[in-house]
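J.: Based on what follows, work out the 3D shape:
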Amino acid sequence: MKNILKIFALLFIAACMSSCEPEEYDVPDIDLTSVYSIGETENNDLSTINIYRDKALLTVWNKDGAVTSFETKDYSDSSDDTNYLVTVTAVEEVTVVDGEGNESLATITYGYDLVASKETGVCNVSITTTNEKGEVSTLSISGTLVEKEIYN
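T.: All right, here's what the predicted structure looks like:
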């Protein structure tokens, strides 16, 4: 009887030891991505804007640390030897409730026009917002532009 318990104990330990080791660990699919990063903004709400050069993505970091990401379209980079000249449109889908309580999906677009000196990095960003009703507003932000690569 003692031998049977020892055999079961050894089989149990062997099963536990062999089942806990994975054959191979998953490798995350993370690559460096080139972005134009606008920081040191003179805006009370926005801290950093990252415009992705190779992906249809734009992220906005608020001063409180919250991040909002947007899908982009119509990316254009016509930079030359002395200036950065970038335009991109960010798109946000929002749910709108009318006066009767009916919900519908609407699109808000943000047109980003960036002009910066390659020598100093000083930049001006004009953000033109078109809301779901077609109303247009414009916000101008000054800051510092840096080309960098981040993990995404």
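J.: can you pull out the strands in this protein?
T.: 32-39, 46-52, 57-62, 67-77, 83-97, 103-117, 122-130, 136-151 (DSSP state E).
J.: Now render these as a markdown table, adding mean neighbour count and mean pLDDT.
T.: Yep, even glycine has a C-beta here, placed from its N, CA and C like the rest. Listed next are the strands of the chain as a markdown table, based on neighbours: other C-beta atoms under 10 Å; pLDDT from 0 to 100:
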| stretch | mean neighbour count | mean pLDDT |
| --- | --- | --- |
| strand 32-39 | 18 | 91 |
| strand 46-52 | 21 | 90 |
| strand 57-62 | 18 | 92 |
| strand 67-77 | 14 | 92 |
| strand 83-97 | 16 | 91 |
| strand 103-117 | 16 | 91 |
| strand 122-130 | 17 | 93 |
| strand 136-151 | 14 | 91 |
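J.: closest to residue 12 out of these?
T.: Among the strands of the chain, the nearest to residue 12 by C-beta to C-beta is strand 136-151 (42.9 Å).
J.: partners of that closest one in the sheet?
T.: Strands that pair with strand 136-151, judged by DSSP bridges, come out as strand 32-39 (antiparallel), strand 122-130 (antiparallel).
J.: Tell me which residues are up against it.
T.: 30-43, 46, 49-50, 84, 114, 116, 121-131 (C-beta atoms under 8 Å, 6 or more residues apart in numbering).
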